[in-house]
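1. Fold the following and give me the result.
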Amino acid sequence: MKALSSILFVLLGVQATAQQFYITRYNSTTYLNTICSVDADLNVTPLGSFYFNGDQIWDIAFGTDGELYGATTYAVIEMDLQNSTYNTVYEFPVPGQYNSLVCNSDRQILALEYHTNHLITVDLTTFTEVSDVVLSESTPGDLTFYKGNLIFQGTTSNNILSYDGTTVRTVACAIPRPSGESFLFYGLSNYTDSCGSNFVCGISEDGYVYRFDVETHTNTNLGVLTSTPEPINGSATVNEYTASACAFLNLNEADCTVKVTENQLSDLLLYPNPVTDVLHTQGSDMHTGLFFTIHSLDGRKLIEGALTPDIDLSEFPSGMYMLHIFNRSKTLSTTKRILKD
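-> Model (predicted):
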């Protein structure tokens, strides 16, 4: 299969560079997955589309030779943008929601399962499993590297986390939207000009782009992507894998207690759970300046509003959902899983 840089040369008349990144979008009406390039001015250019049995390509990653891989519900696929074709190269031993993917410099690909926190590493030469470890948190979005560390957004706090092979640490704090809930970065990639010049870039479902400097625990809003009619599922840069080979940096823990304090709503009662029709909320601090959102497990916001004693879920299909309760300043915030019968 041709390296992606060669394909882009044919399609666009330009070669891929470290200053570009790539996203995957999914149209739930046509079931098409579209791979796009994004330039330094955040302009989006579609490159090719894939129909994958009506399923989503949750994330993309580049191999060391420029191959383009995608993560689906049950497999890793290798994609040919020039012909809009794909080949299944690895099937996960246990089906799930592998919504994050990244390659390392050892010609391996890593995928993190959303529900079980299983981090699976696959050899891209033999397409066999190298390891399977369980992390303390999963991610709603993507995986990348920073100076030898695996980087991802956590599902519990929405903070940016690192994994050094042993310990998961918080290296940047969640970023609240004006409405109070945090940005969920379905795309998370890195720019690596050299091991001394390396930063992480997060892209939300609706196209907001933030730069994370994980050594200083700071972030910068870079703007919003143009032309993003469908939700963004994942992102990658061509040389993202190179940061995995950089000299390992022991990152310091970020203090996010000022921005987000979890579990302060200690007397919160939610019942019944599982819920059939109406979810009741009860507690001494409830219903005074608090808000809520409910997301599906793939991170899509379904409803939002001011918190009331009763939340009507009668029209929701059966399944698991994430209920997020917060005040506008995010000094009070908690997230609970709700099961709908």
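2. nearest residue to the residue most central in space within the chain other than its sequence neighbours?
-> Centroid-nearest residue in the chain: Gly141, 1.1 Å away (criterion: Cα atoms, centre = their mean). Nearest residue to Gly141, sequence neighbours excluded (Cβ to Cβ, 6 or more residues apart in numbering): Tyr186, at 4.0 Å. All C-beta atoms are positioned from the backbone trio N, CA, C, and that covers glycine.
3. Quick check: beta-bridge partners of Ala306?
-> Counting by DSSP bridges, Ala306 forms beta bridges with Phe291.
4. And for Asp310, the neighbour number?
-> Number of residues near Asp310 (other Cβ atoms under 10 Å) recorded here: 10.
5. I'd guessed it sits against Gln282; true?
-> No. Asp310 lies out of contact with Gln282 (Cβ atoms under 8 Å); the separation is 10.2 Å.
6. Strands of the stretch 51-200 of the chain, residue ranges please.
-> 59-62, 68-71, 75-80, 85-91, 98-104, 108-113, 118-123, 128-134, 143-146, 149-153, 160-163, 168-172, 187-194, 197-203 (DSSP state E, counting those that start in this stretch).
7. export those strands to JSON lines and tack on mean neighbour count, mean pLDDT and distance to Gly234?
-> Conversion of the strands of the stretch 51-200 of the chain to JSON lines gives the following (neighbours: other Cβ atoms under 10 Å; pLDDT from 0 to 100; distance: least, Cβ to Cβ, whole Å):
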{"stretch": "strand 59-62", "mean neighbour count": "27", "mean pLDDT": "96", "distance to Gly234": "3"}
{"stretch": "strand 68-71", "mean neighbour count": "27", "mean pLDDT": "95", "distance to Gly234": "8"}
{"stretch": "strand 75-80", "mean neighbour count": "20", "mean pLDDT": "94", "distance to Gly234": "13"}
{"stretch": "strand 85-91", "mean neighbour count": "15", "mean pLDDT": "94", "distance to Gly234": "15"}
{"stretch": "strand 98-104", "mean neighbour count": "25", "mean pLDDT": "94", "distance to Gly234": "7"}
{"stretch": "strand 108-113", "mean neighbour count": "24", "mean pLDDT": "96", "distance to Gly234": "11"}
{"stretch": "strand 118-123", "mean neighbour count": "18", "mean pLDDT": "96", "distance to Gly234": "16"}
{"stretch": "strand 128-134", "mean neighbour count": "12", "mean pLDDT": "95", "distance to Gly234": "21"}
{"stretch": "strand 143-146", "mean neighbour count": "26", "mean pLDDT": "96", "distance to Gly234": "9"}
{"stretch": "strand 149-153", "mean neighbour count": "25", "mean pLDDT": "97", "distance to Gly234": "12"}
{"stretch": "strand 160-163", "mean neighbour count": "25", "mean pLDDT": "96", "distance to Gly234": "16"}
{"stretch": "strand 168-172", "mean neighbour count": "20", "mean pLDDT": "94", "distance to Gly234": "19"}
{"stretch": "strand 187-194", "mean neighbour count": "22", "mean pLDDT": "88", "distance to Gly234": "5"}
{"stretch": "strand 197-203", "mean neighbour count": "21", "mean pLDDT": "89", "distance to Gly234": "9"}
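8. Make a markdown table out of these and add distance to Leu42.
-> What follows is those, written out as a markdown table (distance: least, Cβ to Cβ, whole Å):
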| stretch | distance to Leu42 |
| --- | --- |
| strand 59-62 | 18 |
| strand 68-71 | 21 |
| strand 75-80 | 23 |
| strand 85-91 | 27 |
| strand 98-104 | 22 |
| strand 108-113 | 26 |
| strand 118-123 | 30 |
| strand 128-134 | 35 |
| strand 143-146 | 18 |
| strand 149-153 | 20 |
| strand 160-163 | 20 |
| strand 168-172 | 21 |
| strand 187-194 | 12 |
| strand 197-203 | 10 |
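9. Which among those is found nearest to Lys336?
-> strand 149-153 (18.5 Å; Cβ to Cβ).
10. what's the angle between that closest one and strand 98-104?
-> For strand 149-153 against strand 98-104, the angle by axes from the mean of the first three to the mean of the last three Cα atoms, to 10 degrees is 160 degrees.
11. Show me where this protein dips below the pLDDT cut-off.
-> Applying pLDDT under 70 to the chain flags the ranges 1-19, 178-179, 228, 257-267, 284-288, 298-299, 328-332.
12. Could I get the full set of helices for it?
-> 4-12 (DSSP state H).
13. Touching, Ile109 and Ser100? I think so.
-> No. In this structure Ile109 lies outside contact range of Ser100 using Cβ under 8 Å: 10.9 Å.
14. got a list of what the residue nearest to Gly141 touches?
-> Neighbouring residues of Tyr186 by Cβ atoms under 8 Å, 6 or more residues apart in numbering: 59, 99, 140-142, 203-205, 231-235, 299.
15. just the buried members of the residues you listed?
-> By neighbour count, with 16 or more other Cβ atoms under 10 Å, the contacts of Tyr186 hold 59, 99, 140-142, 203-205, 231-235, 299 as buried.
16. Distance to Leu225 added to those residues, as CSV?
-> Formatted as CSV, those follow (distance: Cβ to Cβ, whole Å):
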residue, distance to Leu225
Asp59, 17
Asn99, 19
Pro140, 18
Gly141, 15
Asp142, 15
Ile203, 7
Ser204, 9
Glu205, 11
Pro231, 12
Ile232, 8
Asn233, 13
Gly234, 13
Ser235, 10
Gly299, 17
